[in-house]
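1. When you get a sec, could you give me coordinates for this:
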Amino acid sequence: EDACGPAALSESRRRSILRLMTVTLFVVAGAIHYQTPMLGALALEFGATAPGWVASCTFGGFLVGMLFVVPLGDRYDRRKLILWHYLGLIIALLAAALAPSLALLSLACVGIGLGSSLGQNVVPMTAEYSPAENRARTLGTVLMGMFFGILFARLSGGLIAASLGWRWSFVLAALLCLLL
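-> A predicted model of the protein is given here:
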């Protein structure tokens with residue numbers, strides 16, 4: 001049995017980890033949605049007529065992550081995989097904030113999508129850390145964090161882009177990730 005695994009944890013430690021997973025899903029799910037409300041600002045800055053490719057690249061990266069990276073959680077330590085995903089997400093968010101062109105922004109957004117797929121390894125890990133009698137409620141709570149993260153990103157992405165500039169949406173998303 002794993003000395004750091006769910007069975008070895010006290011109840012208070014297990015609850016802390018589950019809260020962390022909820023907040024993680026909030027932050028990660030939001031990362032792929034910040035750019036949607038700022039497509040107009042991207043079009044203005046880059047003189048693009050079809051900035052929707054940025055969102056398409058983000059979701060394409062998420063799909064690639066779902067198909068090829070998330071299944072690695074069944075073969076390797078999910079905790080380490082999540083940490084590597086998280087590091088990649090932070091790097092991709094900062095690369096997006098610094099992107100000098102729409103093409104490089106789109107490439108960074110593929111990385112954001114890949115990194116954001118880490119949430120799909122958090123969900124089964126949540127089930128592992130949840131006592132059987134509370135598993136459904138705990139999964140519901142963690143998934144609620146994900147949906148609130150999506151709503152938060154849709155609202156804040158536009159507000160941040162309008163008040164500070166679109167690049168700050170990515171910087172602040174990276175800072176949220178770093179706070180965890």
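
2. could you list every residue that touches the residue sitting nearest the centre point of the chain?
-> Nearest residue to the geometric centre of the chain (Cα atoms, centre = their mean): residue 28, 1.9 Å. Contacts for residue 28 (Cβ atoms under 8 Å, 6 or more residues apart in numbering) come out as 86, 89, 115, 116, 118, 119, 122, 146, 149, 177. Where you see a C-beta, it was placed from the backbone N, CA and C, and this is true even at glycine.

3. Kindly report the same for residue 35.
-> Contacts of residue 35 by Cβ under 8 Å, 6+ apart are 42, 54, 55, 58, 96, 109, 157, 166, 169.

4. out of those residues, which are inside helices?
-> Among these, the members found in helices (DSSP state H) are 42, 54, 55, 58, 96, 109, 157, 166, 169.

5. just the contacts of residue 35 now: which is nearest residue 64?
-> Nearest to residue 64, judged by Cβ to Cβ, of the contacts of residue 35 is residue 58 at 11.0 Å.

6. ok, so what distance separates that closest one from residue 137?
-> Per Cβ to Cβ, to the nearest Å, residue 58 is found 31 Å from residue 137.

7. Of these two, give the one with the bigger neighbour count.
-> Higher neighbour count among residue 58 and residue 137: residue 58, with 27 against 10, using other Cβ atoms under 10 Å.

8. Look up how far residue 138 lies from that one.
-> 28 Å.

9. For residue 23, which residues are in contact?
-> Neighbouring residues of residue 23 by Cβ under 8 Å, 6+ apart: 145, 180.

10. buried ones in the one helix or strand it maps to?
-> Taking DSSP states H and E as the criterion, residue 23 maps to helix 11-31. In terms of neighbour count (16 or more other Cβ atoms under 10 Å), helix 11-31 has its buried residues at 14, 18, 21, 22, 24, 25, 26, 27, 28, 29, 30, 31.

11. Identify the farthest-apart pair in these.
-> Those two in the buried residues of helix 11-31 that are separated most widely, counting by Cβ to Cβ, are 14 and 31, at 26.1 Å.

12. quick one: contacts for the residue lying closest to residue 97 once chain neighbours are set aside?
-> In space, and not counting its chain neighbours, residue 97 is closest to residue 170: 3.9 Å by Cβ to Cβ, 6 or more residues apart in numbering. The contact partners of residue 170, by Cβ under 8 Å, 6+ apart, come to 34, 93, 94, 96, 97.

13. farthest-separated two in the residues you listed?
-> Checking the contacts of residue 170 with Cβ to Cβ, the most distant pair is 34 and 94, at 13.1 Å.

14. Pick out whichever of those two has more residues nearby.
-> Neighbour tally, residue 34 and residue 94, criterion other Cβ under 10 Å: the higher count belongs to residue 34, 26 against 18.
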